[in-house]
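S.K.: generate a structure from the sequence data that follows.
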Amino acid sequence: MDASSAEMRPSVDLSLRWKALIAMTLALVLVNASLALIANFQLASQFELQQSAVRDQQARQLRALVEEGTQEMSKLASLVPLLGGNASDMASPDDQIRQALLTNGAMLDLEWDIRSVHWIRPDGTTAILWPDGAEDIPNALRAELLQTPERAIAALLCSPECRQYKATPLLWEGSFAGNLVLGRSLADALLAFNALTGAKVAVSWSDSTRSADVLNPGSSNYLRFPAVTYPDDTLPVLRSATPALRGGDVSDEPLLIPHGNGWFEIFRIPSLAAGIDALVINDVTAQREAIHTATIGSVLLGILGLILSGSSLLLIIRGPLYRLRDLATVIPLLAENRYSDLRRQLPRRSNSLMLRDEIDLMTDTVGSLTDRMELLQYDREQAEARLVWLADHDPLTQLFNRRRFNDDFERILDQTIRFGHQGALLFLDLDQFKDVNDLSGHRVGDTLLQRVSEQLRQVTQTSDLLARLGGDEFALVLPEATEDDALASAESVQEAVCSISLQEHGRRHRVTASIGIVMFPSQGNDIGQLMANADLAMYQAKEKGRGRWYLFSEEDQGKEQLDARVLWREQINQALSQNRFELHVQPIIEIATGRLRHMEVLLRMRDARDAMVYPDRFIPVAERTGQIQAIDRWVIDNALAAMESRTDLRLSINLSASAMDDPLLLTDLRHLLERHRIAPERISFEVTETAAINSLLNATRLMRGMQELGCRFALDDFGSGYASYAYLRKLPVDEVKIDGAFVRDIVKNPEDRIFVKAITDMAHGMGKRVIAEFVENAEILAILKSLGVDDAQGYHFSKPVKLEQPGTPIMFDGVL
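M.R.: Numbers count the residues shown, from 1 in each chain. Coordinates of the predicted model:
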């Protein structure tokens, strides 16, 4: 690579290989740690399971050893009297027992581990105590012997030494003579248990006072258990476990205690006898070390795997990363449009299919991208030039657009004012151009606009400013012109436009233009004022008829009309922004049953003084200013919001004539229905007959679209306009609303009855319902019922009332 490329070599703070290594290391550490923890947990679980079995076995073994000692003493008690010789030679049982102990006492101690022999008379006194100086039986045992003298009793008592006692009742000459009590130390059973299991044992009292003293480091009886095996080994472990033992941690669960270099498990065997428990101590150091060794081995094995994996990863990705870095070095050349240098410096690609990898694919992609970008560079330069042109021109007519017109007109106006010249502005609007679009389609309309622009170019000079402002509006600025020049130019424009004839779809289209003329700077010194004056003059020309021009005059009455229109437009904007529109409703009643079918929504507006304004005041202005679509959406949105909180409400909503040409209305309606969660069958829409017929194709499309959503559609004011069977058949409406002009005088006018009857029969034949408006009394209602009209609406039922907030009932003021 050349020096410049070397300077462009990108630097990285942390290489991808180190990121990959770190990521892999973290993943392997997590996996190995998890495996080590799982292995440790499993070993610990196995250890606990094994120890649980050991504890159960040891508890059974210790209880068995204690029971075995009791059984041995029971057998021995019946043999002791026989050791004293022939009973007939003895004067009393005392003599026989005394003789037996004198001759065989040593054997009882050495062979049978009997530590004491007690001969207890029936009155509870001790007649014989062997050996001399031995401790007499505990008072608790004596009391039990007195209570049940002729019953064999086994007892384990600690006071303070733990001994097993076996009391056996003896007979002399056929009657109860007393109880022979043998005693042996519990230590023998504990030592046997140690020899059998290897576990150390300490016997403790369950009695709270003595138990607390044994485990209280501040007590003189601390760790003085009544019986303990190998105290030198056992007591230090119990000393380490004292805090846990005093806290009661050893109950049902074992206690694991570290002591010295080992681990010991302490568990309690409860109730060897009444009030006596055993603490068993198992050395589990070997098991714990085995678990620790296995865990360490697992961790070391994971570390070894981590090292090997990391080393392998670094070796594998070293070469590809170098190639990737070289590729990253040359890619910036694309930004400099150095396509040849980039191709020359691309990393070498592998020729073997077996050795190709993603880096080779990326290199191929960069090469292909270079070729495409080199081609696109040329296309972009061409597109930029096109965009520069589009920024100033209307693509359909090739004329200047409004933005370029405003800039150039501003410059011309400044020069005119500076040098004291006079110029003229001609504002053109094609007459009835909308009819061309409606009848023959927008493609024909576009062709007509192109023909108009061609004709306008032919009658203008290169110094004139000609532009299409939008739609069917054009503007022509004459930089230096008198009124006569302006009027002559207007005549030329009129002739040029009138000469256009376009034959399409079997129709011949001709077009005329209404032209408003304003002189500057005498009739305005800024673009906004001049355009407003020219617009006013253009409307004055339209008032005179098609294909006319009009020269603006300050004294025009139309100025006041324009000002009024501007004021109304502002009021409508404020009503929309400040929510000063209101919804009123009027009921529509089914004539046959008298029940409420639905209600028609009527729009009202409040002005700045809170006075009620009816639609005939502001709707025409809204239609002219383009605000009517915003009003349509406000009505639909708020009507659906009211229905959302009133589940029994069914409404009929009026649409404006401009709704027929609104391509977004159906989409917006669908979204509003979803947002307010309203069932479409609860809604009906109305449009006047005149509006539907004037835009028949669009009206049909809108009606079908709304019916597909599930809404109903009604044709309002039927009979006021065309009232044609053919139109009614073409329009997919569900309901026909007869204009009130045919209902109001139906009682007195037979012709109205004939007309209403004809419409009703015709509509019923097409499967449509019929609604009569302006039903003001019971007489009208009766006639409508006789004519078969389905529904009625009017003051007889109620005047329109305001649709109140949710929770407030709608109070009608008529017969309802």
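S.K.: name the residues of the host helix or strand of residue 180 that are buried.
M.R.: Element membership for residue 180, per DSSP states H and E: strand 175-185. Within strand 175-185, the residues scored as buried using 16 or more other Cβ atoms under 10 Å are 177, 178, 179, 180, 181, 182, 183, 184, 185. All C-beta spots, glycine's among them, are computed from the backbone N, C-alpha and C.
S.K.: also stretch 642-653?
M.R.: Buried residues in stretch 642-653, counted by 16+ other Cβ under 10 Å: 642, 643, 646, 649, 650, 651, 652, 653.
S.K.: check contacts around the fifth one.
M.R.: Read that as residue 650. Listed by Cβ atoms under 8 Å, 6 or more residues apart in numbering, the contact set of residue 650 reads 597, 598, 599, 643, 682, 683, 684.
S.K.: in its sheet, which strands sit next to the host helix or strand of residue 167, and in what direction?
M.R.: If you go by DSSP H and E, residue 167 is part of strand 162-172. Each strand that pairs with strand 162-172, with its direction, by DSSP bridges: strand 153-158 (antiparallel), strand 175-185 (antiparallel).
S.K.: export these to JSON lines and tack on distance to residue 425 and mean pLDDT?
M.R.: Shown next, in JSON lines, are these (distance: least, Cβ to Cβ, whole Å; pLDDT from 0 to 100):
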{"stretch": "strand 153-158", "distance to residue 425": "125", "mean pLDDT": "87"}
{"stretch": "strand 175-185", "distance to residue 425": "132", "mean pLDDT": "89"}
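S.K.: closest to residue 546 out of the ones you listed?
M.R.: strand 153-158 (129.2 Å; Cβ to Cβ).
S.K.: who touches the closest one?
M.R.: Defining contact as Cβ under 8 Å, 6+ apart, one finds that strand 153-158 is touched by 66, 70, 73-74, 138, 140-141, 144-145, 162-167, 179, 186, 203, 205, 226-227, 272-273, 276.
S.K.: of those residues, select the buried ones using a PyMOL command.
M.R.: To isolate the buried members of the contacts of strand 153-158 in PyMOL, using 16+ other Cβ under 10 Å:
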select buried, resi 66+70+73+138+141+144+145+162+163+164+165+166+167+179+186+203+205+226+227+272+273+276
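S.K.: what residues are up against the nearest residue to residue 290 once chain neighbours are set aside?
M.R.: The shortest distance from residue 290 to any non-neighbouring residue, by Cβ to Cβ, 6 or more residues apart in numbering, is to residue 43 (7.8 Å). Residue 43 makes contact with 290, 291, 294, 295, according to Cβ under 8 Å, 6+ apart.
S.K.: and residue 43, backbone torsions?
M.R.: Dihedral pair for residue 43: phi -60, psi -40, per degrees, to the nearest 10.
S.K.: and if you look at residue 686?
M.R.: The phi/psi pair for residue 686 (degrees, to the nearest 10) reads phi -120, psi 140.
S.K.: I figured it was touching residue 656, is that so?
M.R.: No. If you go by Cβ atoms under 8 Å, residue 686 and residue 656 don't touch, sitting 10.6 Å apart.
S.K.: now the common contact residues for those two.
M.R.: By Cβ under 8 Å, 6+ apart, residue 686 and residue 656 have no common neighbours.
S.K.: can you tell me which of the strands paired with strand 162-172 is nearest to residue 24?
M.R.: Residue 24 lies closest to strand 153-158 among these, at 65.2 Å (Cβ to Cβ).
S.K.: bridging residues for residue 156?
M.R.: Beta-bridge partners of residue 156, as defined by DSSP bridges: residue 164.
S.K.: so what's residue 537 closest to, chain neighbours aside?
M.R.: residue 516 (3.1 Å).
S.K.: checking the one you found next. Helix, strand or coil?
M.R.: Applying DSSP: H, G, I helix; E, B strand; the rest coil to residue 516 yields a three-state assignment of strand.
S.K.: and it, how many neighbours?
M.R.: 27 (other Cβ atoms under 10 Å).
S.K.: surely it meets residue 542?
M.R.: No. Assessed by Cβ under 8 Å, residue 516 is found out of contact with residue 542, at 9.0 Å.
S.K.: anything in contact with each of these two?
M.R.: By the contact definition Cβ under 8 Å, 6+ apart, residue 516 and residue 542 are jointly contacted by residue 429.
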